[in-house]
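In: Build me a model:
(one chain, ligands or ions: 1)
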Amino acid sequence: MNATGKLYVVGTPIGNLSDITFRAVEILKLVDFIVCEDTRVTKILLDHYSVTKPFVVVNAQNESKKIEEILEKLGNGLLCALVSDAGTPSISDPGTRLVNAVIKNDFEIIGIPGPSAVTLALSISGLPTDSFVFEGFLPQKKGRQKKLLELSNIERTIVLYESTYRIEKLLSELKEFMPNRQLAIGRELTKKFEEVWRGTASEILNDLNKKIIKGEFVVIIAAKDFKM
Ligand code: SAM
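Out: Numbers count the residues shown, from 1 in each chain. Okay, here's the model as predicted:
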């Protein structure tokens, strides 16, 4: 093990800024620099906890170049925290490539647990969670129907992420591909307008004209044979 630099992978809130561990704040205060997606988003969190640190911004465009830069800093003995815009890095968020590169270069990696929309939504879904399939975002166009068909045959609870723009479309597709399944949809969890919609896709769609459909969504789909 390379005894110098360390990478801390830090879970941060998915909405409510108070949802962060004491240890995560301590680590953000300890490290020499923070790797993030968008400085504007991360700065809101850091300002809330009076933390000021240099940033390295990593996104799909600059990832390879930035990974080299981060490895060099770790080689110089610096401590780094990786955060994403919300929740746990690497969970439908950037992070995996950096974590891999850090493993290959034999630096220590320490996970600092925190919120993730997938575990929070499962915990309040009332649906079986002993075994589940996390699919994240479905493909937007190519392969979407094929994936829905494949998921409709899975005998476990399924978790999907969805954005404002496609939630209604996804519900219509679930009505077609998995008509009788019980759903629990977490909207804007931990935020001011958080709510959970429960029922079949058809029931939720019928109710939708009474709902505000803006926000971020986690869709939990009960297994085929699940009965309430
Ligand atoms: N890394 C994050 C995590 O650990 O949950 C996920 C990031 S992913 C880019 C963003 C998606 O996660 C959103 O489109 C939504 O599906 C889900 N999500 C994040 N925050 C949420 C919240 N507060 N309520 C509901 N869904 C949320």
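In: Could you use CA atoms for every contact and neighbour count after this?
Out: Fine.
In: need the residues of this structure near the ligand, please.
Out: Proximity of the chain to the ligand, by CA under 6 Å from any ligand atom, involves residues 14-15, 86-89, 91-93, 116-118, 161-163, 186-190, 216-218.
In: Hmm, residue 177 is touching residue 150, no?
Out: No - checked against CA atoms under 8 Å, the pair residue 177 and residue 150 is beyond contact range at 9.7 Å.
In: Look at these two and report which has more neighbours.
Out: residue 177 (18 against 11; other CA atoms under 10 Å).
In: For PyMOL, write the selection for the buried entries among the residues of the chain next to the ligand.
Out: Only the buried entries of these go into this PyMOL selection, using 16 or more other CA atoms under 10 Å:
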select buried, resi 14+15+86+87+88+89+91+93+116+117+118+161+162+163+186+187+188+189+190+216+217+218
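In: Which ones among the residues of the chain next to the ligand map onto strands?
Out: Judged by DSSP state E, the residues of the chain next to the ligand include 161, 162, 163, 186, 187, 216, 217, 218 as members of strands.
In: So which residues make contact with stretch 95-102?
Out: Here stretch 95-102 makes contact (CA atoms under 8 Å, 6 or more residues apart in numbering) with 7, 67, 71, 82, 84, 89, 90, 108, 109.
In: now do stretch 41-56
Out: Residues from elsewhere that reach stretch 41-56 (CA under 8 Å, 6+ apart): 17, 25, 28-29, 32-36, 39, 66, 83-85.
In: go on, stretch 108-120?
Out: Stretch 108-120 has contacts (CA under 8 Å, 6+ apart) with 1-3, 5-14, 19-21, 23-24, 87-88, 91, 99, 102-103, 134, 159, 189, 218.
In: hmm, 7 Å instead?
Out: 1, 6-14, 20-21, 24, 87-88, 159, 218 (CA atoms under 7 Å, 6 or more residues apart in numbering).
In: Quick one: distance of it to the chain centre.
Out: Chain-centre distance of stretch 108-120: 9 Å, with CA atoms, centre = their mean, to the nearest Å.
In: returning to that earlier point: the ones in strands among the residues of the chain next to the ligand: which two are farthest apart?
Out: 163 and 186 (11.6 Å; CA to CA).
In: joint contacts of these two?
Out: Common neighbours of residue 163 and residue 186, using CA under 7 Å, 6+ apart, are residue 217.
In: just to revisit the earlier point, inside strands: which ones of the contacts of stretch 108-120?
Out: 6, 7, 8, 9, 10, 159, 218.
In: that older thread, same list (the ones in strands among the residues of the chain next to the ligand) but as CSV, adding pLDDT.
Out: Formatted as CSV, these follow (pLDDT from 0 to 100):
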residue, pLDDT
161, 98
162, 96
163, 91
186, 97
187, 96
216, 96
217, 97
218, 98
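In: Which parts of the least confident helix or strand in the chain by mean pLDDT count as buried, going by neighbours?
Out: Least confident helix or strand of the chain, by mean pLDDT, DSSP states H and E, is strand 2-10 with a mean of 88. Across strand 2-10, burial judged by 16+ other CA under 10 Å covers 5, 6, 7, 8, 9, 10.
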